[in-house]
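[1] Pasting a predicted model and its sequence here:
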Amino acid sequence: PVSSVMKTAIALSGDTPARKVFLSSIALFSSLVVLRTLVAVNNIKGGSIRTITNTSNIQISNYKDGPTAEGHHLKLAWLMSFPNSGTSYTLKLVRHASKLATATNYCGKPRHHITVPVFDTNGVGPNILDEKERELPLDYILTKTHCAGKCNDFCPPSKYIVTAEKFQTECLAQCYTVPGPHDTRKEMKRGYNASLIGKAIHMFRDPYDNILSRFHLHTKSSLKYGRDDMNNYTSDVEGFQAFCNAQNAHWVEEEAQIFSEAITVAADGVPCHADFFRYVQWHNHAFEITRNLSIPTYILHYGDYQDDFEGTLASVLSFLELRHVSNDLPSFHWSNYTSYYTDSQRRAIVAYVKELASPDTWNELLRYGFH
């Protein structure tokens, strides 16, 4: 059963251009589990979602035993990206151009392989991500993290609405493996200390293309792993629209209990509106976390590679304090999926995103026709 605590979690005031979006206590009860997500929101122009006023003082108990920056000249440069934003390509490009290793918060593929941590101390910290044995950089190692609130299926709102504290916890979470039965490896998770972070690259992709790319990945993954949840959806325009219609209809009652009527109305006509919510929430949190942790941050748009490949690569390497030593680079392939949306849908998406986006997030979306 769904608790009445979840009702009316977002309130908007329209008396000024600055609107309040207030996410109050969200609790989903089952017979055995109580899940509670607490979200507090500031006064911000455009009705933007912000989940905590200051995250710099967040204390996460299991992080205190991890290695700190003391004794480590090498620091992490987070590659923070909402999934399917160009993460894998950017990591590969940096590896090839510099001939040095990159890292990841995740266990990678094949699943259950032995993970090799970047830092020696207790094995705590991200894992080396490399298809070859490359040397580590001297100063900053580019490190993949998707943080939280990114599920890519018919997941309920209680799963993807996250606080900034939860977002930061997942940004700092490392997957690692330990021996399991019958020569297998068991995946585990632990946190590492934020003092290991030296810089961050905050990656954007055109939201129209990003959401469509996630749909394509979902269909390919379902086929690859023998799941039947996507059998009814082709990878073309018709399949995408059918998938979004099904996703929009899946959690209608739960969304009505969580979101205010104003947000529910704004979502009308937005294909896959839950994924656009996740996209905006993710970028809002990314700005919040890097600001409150005082991390020097480079904003990278996937489309920058298309506009000026050499200049973008040079800027990325310069930010990471890496030298360009090889021109054996992976080719860049550009896809534009704007045609998958109707004109009315694009207008609805712009209005919906404007209700949710922080000023920082909205400013980065202007280049994609969000006015």
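    That came through, no problem. Here the structure is a predicted model, which means the values were calculated and not measured. Numbers count the residues shown, from 1 in each chain.

[2] wouldn't residue 264 be in contact with residue 255 here?
    Yes. Under the criterion of Cβ atoms under 8 Å, residue 264 is in contact with residue 255, at a separation of 6.5 Å. Quick note: C-beta positions are derived from backbone N, CA and C, even for glycine.

[3] Spatially central residue for this structure, please.
    Note on the chain: the residue nearest the mean C-alpha position is residue 82, at 2.9 Å, using Cα atoms, centre = their mean.

[4] Now for the closest residue to that one other than its chain neighbours: which residues touch it?
    Counting by Cβ to Cβ, 6 or more residues apart in numbering, the nearest residue to residue 82 once its immediate chain neighbours are dropped is residue 282, at 4.5 Å. Neighbouring residues of residue 282 by Cβ atoms under 8 Å, 6 or more residues apart in numbering: 82, 147, 149-150, 167.

[5] what ranges of the stretch 201-350 of the chain fall below the confidence cut-off?
    Using pLDDT under 70 as the threshold, the predicted model of the stretch 201-350 of the chain has low-confidence ranges 221-231.

[6] Check the stretch 1-150 of the chain too.
    Low-confidence segments of the stretch 1-150 of the chain, defined by pLDDT under 70, span residues 1-72, 109-113, 121-123, 131.

[7] which stretches of this protein form helices?
    When assigned using DSSP state H, the helices of the chain occupy the ranges 87-98, 157-160, 164-171, 207-224, 237-250, 252-258, 261-267, 273-292, 303-307, 309-319, 343-356, 359-365.

[8] Correct me if wrong: residue 362 contacts residue 350.
    No. With contacts counted by Cβ under 8 Å, residue 362 stays clear of residue 350, the gap being 10.3 Å.

[9] list residues touching both of those two?
    Common neighbours of residue 362 and residue 350, using Cβ under 8 Å, 6+ apart, are residue 370.

[10] So which of the two has more stuff around it?
    More crowded of residue 362 and residue 350, by other Cβ atoms under 10 Å: residue 362, with 21 against 16.

[11] Residue 264 and residue 255: who's more crowded?
    Summary of the neighbour comparison: residue 264 and residue 255, criterion other Cβ under 10 Å, with residue 255 having more neighbours (18 against 15).

[12] Now residue 284: closest residue in space that isn't a chain neighbour?
    If you skip the residues right next to it in sequence, residue 284 has residue 358 as its closest partner in space, 4.5 Å away by Cβ to Cβ, 6+ apart.

[13] Verify the contact between that neighbour and residue 287 for me.
    Yes. Distance between residue 358 and residue 287: 6.2 Å, which falls inside the contact criterion (Cβ under 8 Å).

[14] which of the two has more neighbours?
    Summary of the neighbour comparison: residue 358 and residue 287, criterion other Cβ under 10 Å, with residue 358 having more neighbours (23 against 20).

[15] and that one, backbone torsions?
    Main-chain dihedrals, residue 358, degrees, to the nearest 10: phi -70, psi 160.

[16] what's the answer for residue 149, then?
    Backbone dihedrals for residue 149, given as degrees, to the nearest 10, come out at phi 70, psi 40.

[17] Next up, the contacts around it.
    Applying Cβ under 8 Å, 6+ apart, we find residue 149 in contact with 160-162, 166-167, 278, 281-282, 285.

[18] my read: residue 107 touches residue 115, true?
    Yes. Counting by Cβ under 8 Å, residue 107 does reach residue 115; the two are 5.7 Å apart.

[19] what do the two both touch?
    Residues touching both residue 107 and residue 115 by Cβ under 8 Å, 6+ apart: 127, 175-177.

[20] Pick out the most distant pair among these.
    Between all members of the shared contacts of residue 107 and residue 115, the longest pairwise span (Cβ to Cβ) is found for 127 and 177 and amounts to 9.3 Å.

[21] Quick check: the residue nearest to residue 284 vs residue 204, distance?
    Distance from residue 358 to residue 204, counting by Cβ to Cβ, to the nearest Å: 13 Å.

[22] burial measure for the nearest residue to residue 271 once chain neighbours are set aside, as a count.
    Ranked by Cβ to Cβ, 6+ apart and with sequence neighbours excluded, the top spatial neighbour of residue 271 is residue 244, at 3.7 Å. Residue 244 is surrounded by 23 other residues when neighbours are defined as other Cβ under 10 Å.

[23] State the distance from residue 244 to residue 79.
    From residue 244 over to residue 79 the distance is 28 Å, taken as Cβ to Cβ.
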